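Q: The sequence and its predicted three-dimensional model are supplied below.
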Amino acid sequence: MQPLTLLFFGSQGAGKGTQVQMLIDYLKAHTPNEIIRIDMGHELRALRDGGSYAGKLTGEVIDQGLRMPDFMPVFLQTKKLVDNFTGEEHIIADGLARGADQTRGYDDMMKFFKRDNFQIINLVISDDTAVKRLLARGRNDDTEDAIRRRLAWTKTDVMPQIELLKERGRTIHEIDGEPDTETIHKNILSVLGFSQ
């Protein structure tokens, strides 16, 4: 099979991180290809913790709960692939395409690397489910007001990127994010053509 190239979408609380990890474990067990994971949250936190001036400024943006200026995620995702991609790996990305410039940057990069057949997995949950799940994890910054602000920002800034990718001819799989994690995982494998 061709190596997979996937971009995950979904609001906070949709379970993207869990599903990405379950898919990576499946791919490691069932395919010979290495995997490049681009987790933008992880990349930004690593930059913040690295001690550079850019890292200090990144930390300020993260602490305020703001969206990073588009150039930084574009730079970090590009650097990761330029430094590590040989053409054979699966690419699993999460936390990218948060604005139009990021989306075009990612799409253009995939064209350059001959991976413009990439697919999008969009995990769909209700706002109430998101609030309930995020409050349950008990983080300091997860007050109901803060969560609802982030969910509103996801709708206005992030979800339009799916439409942009659709216009560019990318395949979008809408996956119900409400059931248990195993059911969601099976549904993802199914739309990707893996038989269980």
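A: Received it, and whenever you're ready, just let me know what you need. Residues are numbered from 1 along each chain as shown.

Q: ok, residues contacting stretch 49-58?
A: For stretch 49-58, the external contacting residues (CB atoms under 8 Å, 6 or more residues apart in numbering) are Leu44, Leu47, Arg48, Met68, Met72. In short, each C-beta sits where N, CA and C put it, glycine included.

Q: Where is pLDDT lowest across the residues you listed?
A: pLDDT across these is lowest for Met68, at 88.

Q: quick one: which of the contacts of stretch 49-58 is nearest to Ala93?
A: Of all the contacts of stretch 49-58, Ala93 sits closest to Leu44, with 13.7 Å by CB to CB.

Q: so the closest one sits right up against Met72, yeah?
A: Yes - contact criterion CB atoms under 8 Å: Leu44 and Met72 qualify, at 7.4 Å.

Q: What average pLDDT does stretch 174-188 get?
A: For stretch 174-188, the mean pLDDT works out to 97.

Q: can you map out the strands along this structure?
A: Under the criterion DSSP state E, strands of the chain are mapped to 5-10, 35-39, 90-94, 119-124, 171-176.

Q: Asp142: which of those strands is closest?
A: Among the strands of the chain, strand 5-10 sits nearest to Asp142 (CB to CB), with 16.7 Å.

Q: quick one: strands adjacent to the closest one?
A: With DSSP bridges as the test, strand 5-10 is paired with strand 90-94 (parallel), strand 119-124 (parallel).

Q: gap between it and the chain center?
A: Strand 5-10 has its C-alpha centroid displaced from the chain centroid by 5 Å (CA atoms, centre = their mean, to the nearest Å).

Q: Quick one: work out the angle between it and strand 35-39.
A: 30 degrees (axes from the mean of the first three to the mean of the last three CA atoms, to 10 degrees).

Q: how big is the angle separating strand 5-10 from strand 171-176?
A: Using the same axes, to 10 degrees, strand 5-10 lies at 40 degrees relative to strand 171-176.

Q: which residues touch Val158?
A: With contacts defined as CB under 8 Å, 6+ apart, Val158 is in contact with Phe9, Ser11, Ala97, Arg98.
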